[in-house]
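Colleague: how would this look folded up:
(one chain, ligands or ions: 1)
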Amino acid sequence: MDIPVSTKAYLNYLRTVREPTPLIVRGRTFTVLPGVFLPGSGSLDYFFQHLPLKDGRTLLEIGTGHGILPLLYAIERDIQGVGTDLLPEAILCARLNANRHGVTDRVDFRQGDLFQPLRRDERFDVVFWNTTVFGEKPVDDMDRAVTSENYESLDRYLREGRSWLRPGGSLCVGFTVDADPTFLKARIAEYRYDIQAVSSLEKTREHPLIYVLRPR
Ligand SMILES: C[S@@+](CC[C@H](N)C(=O)[O-])C[C@H]1O[C@@H](n2cnc3c(N)ncnc32)[C@H](O)[C@@H]1O
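Modeller: Numbers count the residues shown, from 1 in each chain. This is a model prediction of the structure:
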């Protein structure tokens, strides 16, 4: 079937999915359970190639969903990671994928709100969230993948994110060219980050964008 193009229409399609969906990224097969945000493989490959992660460094992915991004880094680059997500079904899905690829010793998936599942002393070289991009009230869990009321969770991500970085680390935001970046840009300035890089891949459905931020 043709997958609808706008993000909101795409969510309607995802609400009809009742079976686990295989997703092949960088030649590896993962599973995305019903109720878990199903991205295009192109955007995950793009994030994988553009996050500023050197070998031997560590990654925290907020809103990891299916967990594929930290799993790719663990499989291909031996990078240690932690993934968090609000949804229990996302964490179940991510653990299933970690088991399937034999990297449960390198990536730890934890359920909870943003940074709440972390130990107080944990720090990371790169913190990333392919974030919520709309500011109205979410109507259900699927909507919560892309929407938070008044951008509340994106605001907290930017406000608190710097405290989880190692010295020299980067806070990264996945966004989309389809959404209005006014709020995001205002908070980047208010919370005193320098924008190191912005890159985008426009030829996929999601039109992903990455902002790489450094705390001033
Ligand atoms: C756009 S999806 C990204 C999923 C996956 N990382 C990807 O790139 O395909 C955003 C994810 O953030 C999660 N999320 C939303 N609000 C959150 C919060 N306050 N704390 C943790 N995760 C959250 C959603 O459940 C969803 O899995």
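Colleague: which strands and helices sit next to the helix or strand encompassing F128?
Modeller: For F128, the host element (DSSP states H and E) is strand 124-130. Packed against strand 124-130 by the contact rule (3 or more Cβ pairs under 8 Å, 6 or more residues apart in numbering; DSSP states H and E) you find helix 41-50, strand 58-62, strand 165-176. C-beta coordinates here come from the backbone N, C-alpha and C atoms, glycine included.
Colleague: partner strands of that strand and their direction?
Modeller: strand 58-62 (parallel), strand 165-176 (parallel) (DSSP bridges).
Colleague: could you dump these into CSV and include mean neighbour count and distance to L38?
Modeller: Below are those laid out as CSV (neighbours: other Cβ atoms under 10 Å; distance: least, Cβ to Cβ, whole Å):
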stretch, mean neighbour count, distance to L38
strand 58-62, 25, 16
strand 165-176, 20, 15
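Colleague: okay, these in JSON lines with distance to the ligand and mean pLDDT next?
Modeller: Shown next, in JSON lines, are those (distance: least, Cβ to the nearest ligand atom, whole Å; pLDDT from 0 to 100):
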{"stretch": "strand 58-62", "distance to the ligand": "5", "mean pLDDT": "98"}
{"stretch": "strand 165-176", "distance to the ligand": "6", "mean pLDDT": "96"}
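Colleague: those: which one's closest to V103?
Modeller: Ranking the strands paired with strand 124-130 by proximity to V103 (Cβ to Cβ) places strand 58-62 first, at 12.7 Å.
Colleague: adding distance to R120, write the strands paired with strand 124-130 out as TSV.
Modeller: Shown next, in TSV, are those (distance: least, Cβ to Cβ, whole Å):
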stretch	distance to R120
strand 58-62	14
strand 165-176	14
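Colleague: N99 is nearest to which of those?
Modeller: Nearest to N99, of all the strands paired with strand 124-130, is strand 58-62, at 17.8 Å by Cβ to Cβ.
Colleague: convert that closest one to CSV, retaining C-alpha atoms only.
Modeller: Provided in CSV are the C-alpha atoms of strand 58-62 (Å, rounded to 0.1, in the frame of the first residue of the first chain):
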residue,chain,number,x,y,z
THR,A,58,28.6,6.7,24.6
LEU,A,59,25.1,7.4,23.4
LEU,A,60,21.9,8.2,25.2
GLU,A,61,18.8,8.0,22.9
ILE,A,62,15.7,9.6,24.4
